[in-house]
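In: Sequence and predicted model, in that order:
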Amino acid sequence: MIVAAPAGQISAPVAPGRMGAALDIQAAQVYLDELGRWRNGRRHELDELDKAALQAPTGSAATGDILLSMALWKAVSDRYELLLATWNSGRVGVTELTRMSTMIWGRLDTGTASGLSVSLPEACRLSDALLSQLRVKLGLDPSGMEITERIRQLRAQMERIREQIDLEPAGATQQQAALEQSRLARRLKEIAEKAGRGGDVAGLLGPVEIEAATFERDLIVNAARRRDAAALVRRARDQRADLEAREAALRTIVEECVRRVDPAPRYAVPDTAALGPVPNTRDELENYLRRLDQVSRAMTIAQTAYAQALRDHSELDSRLEAYHAKAEATGVADVTDVAGAYELARHALDEQPSRMVLVEQLVSVYQTYLQTTHAAQSATSAEET
């Protein structure tokens, strides 16, 4: 389910399953639905924050976090499209459900300069933490938000931080993080008690929210970096498995595009198997990981191109039907020239593959026939009147 959040902000859904195990089909459907809503809502929030940062006196200080947030959103959005392609409207078996778990829990290509190795759920949580920090930093928290809701959210965040600290290696670093969590929890308790006595705590909550968001973000980032340093072999294997799952999903998109669009993009889908087995020495592993990154970037480029071609085809289809609906509404749909132009455009769109240059011209011709015929009929009616 999607975790509740303050008014004006959404939180990432809880991811199902675990790495390498087939997802429950119902849980997969629920997660895809909620992740889609999260993706759309987060994009809107980031656009609003970007506008606010441009207008705020201190907006330049938030540029780095905004760019990181945009990169995380793009990585999550790309992964969501691959999950949808693998899901194939629910026509999945154990193989596809296992691929989906790999794409959810495997390494995500965030496209950031730091090269963070995070899973899809971690990327969403990191995005949530960054957004909370940016909203407070830019003074954009909704003025009508209930204090009790903000306190409840902070309590939930404290619990997430505590769970994250439990994953830290035992030692001084973990102890220091636990002390910091205890300090923030005490401050929150004092604020909650003051609010319970009727005191004004709005000005006290903002700094705690910023510190908590920064602390949670740092814990997530440090955990990701620690995993990279400690488990290069596992990282290489996970990334390779992720690329294999992406490759299968991308081939589905490519096949659909080639079937529907002419000319289709001419990007080759990288063959993950050509990379060979995962090595076991550090130098070879680092070189192998660089090659995996190159394949990942090539897949992203190919996915973007083929997905755009399919979107262009869908946009022309939507335009044609919108013009046709207007023609019927204005009573000119059955006029010989208009009807003929529609049939030509409809036939060209329904062809497999559709010749896109011809389709664009025919949709424009239909639009022209519609406009001129309607204008001529309007003029005739005016003269008769």
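Out: Yep, it's here.

In: Run a quick neighbour tally on the spatially closest residue to A273 that is not a sequence neighbour.
Out: Spatial nearest neighbour of A273, chain neighbours left out: E244 (7.9 Å); criterion: Cβ to Cβ, 6 or more residues apart in numbering. To be clear about C-beta, it is placed using only N, CA and C from the backbone, and glycine gets the same treatment. E244: 15 surrounding residues under other Cβ atoms under 10 Å.

In: Next: R290.
Out: By the criterion of other Cβ under 10 Å, R290 has 10 neighbours.

In: What strand or helix carries it?
Out: Assigned by DSSP states H and E, R290 falls within helix 282-330.

In: Could you list every helix and strand in contact with that helix?
Out: Counting contacts by 3 or more Cβ pairs under 8 Å, 6 or more residues apart in numbering; DSSP states H and E, helix 282-330 is packed against helix 63-87, strand 108-109, helix 232-260, strand 261-262, helix 336-350, helix 356-384.

In: re the thing from before, ok, the residue nearest to A273 - contacts?
Out: Counting by Cβ atoms under 8 Å, 6 or more residues apart in numbering, E244 makes contact with 99, 102, 272-273.

In: sorry, back to before: between the helix holding R290 and helix 232-260, how big is the angle?
Out: For helix 282-330 against helix 232-260, the angle by axes from the mean of the first three to the mean of the last three Cα atoms, to 10 degrees is 30 degrees.

In: what mean pLDDT would you report for helix 282-330?
Out: Helix 282-330 shows a mean pLDDT of 92.

In: If I take that helix and helix 63-87, what angle do their directions form?
Out: Counting by the same axes, to 10 degrees, helix 282-330 lies at 80 degrees to helix 63-87.

In: okay, the angle between helix 282-330 and helix 356-384?
Out: Relative orientation of helix 282-330 versus helix 356-384 (the same axes, to 10 degrees): 20 degrees.

In: Check the offset of helix 282-330 from the chain's centre.
Out: Mean-position distance between helix 282-330 and its chain equals 14 Å (Cα atoms, centre = their mean, to the nearest Å).

In: same question, stretch 366-378
Out: Mean-position distance between stretch 366-378 and its chain equals 42 Å (Cα atoms, centre = their mean).

In: Retrieve the pLDDT associated with D24.
Out: D24 carries a pLDDT value of 93.

In: Begin at 43 from now on, thanks
Out: Got it, the first residue is 43 from now on, which makes the last one we talked about D66.

In: For it, give me phi and psi.
Out: The phi and psi values for D66, taken as degrees, to the nearest 10, are phi -70, psi 130.

In: which non-adjacent residue is nearest it?
Out: Spatial nearest neighbour of D66, chain neighbours left out: P58 (6.4 Å); criterion: Cβ to Cβ, 6+ apart.

In: List the residues that contact that neighbour.
Out: Neighbour list for P58: 65-66, 69-70, 72-73, 146 [criterion: Cβ under 8 Å, 6+ apart].

In: re earlier: now the residue nearest to A315: how far from L124?
Out: 12 Å (Cβ to Cβ, to the nearest Å).

In: picking that back up, which among the helices and strands packed on helix 324-372 is found nearest to K231?
Out: Closest of the helices and strands packed on helix 324-372 to K231 is helix 105-129, at 28.2 Å (criterion: Cβ to Cβ).

In: name the helices or strands packed onto that closest one?
Out: helix 67-97, helix 136-147, strand 150-151, helix 162-179, helix 274-302, helix 324-372.

In: related to what we said a few turns ago, I'd like to know which of the contacts of E286 are buried.
Out: Neighbour counting by 16 or more other Cβ atoms under 10 Å classes 141, 144, 314 among those as buried.
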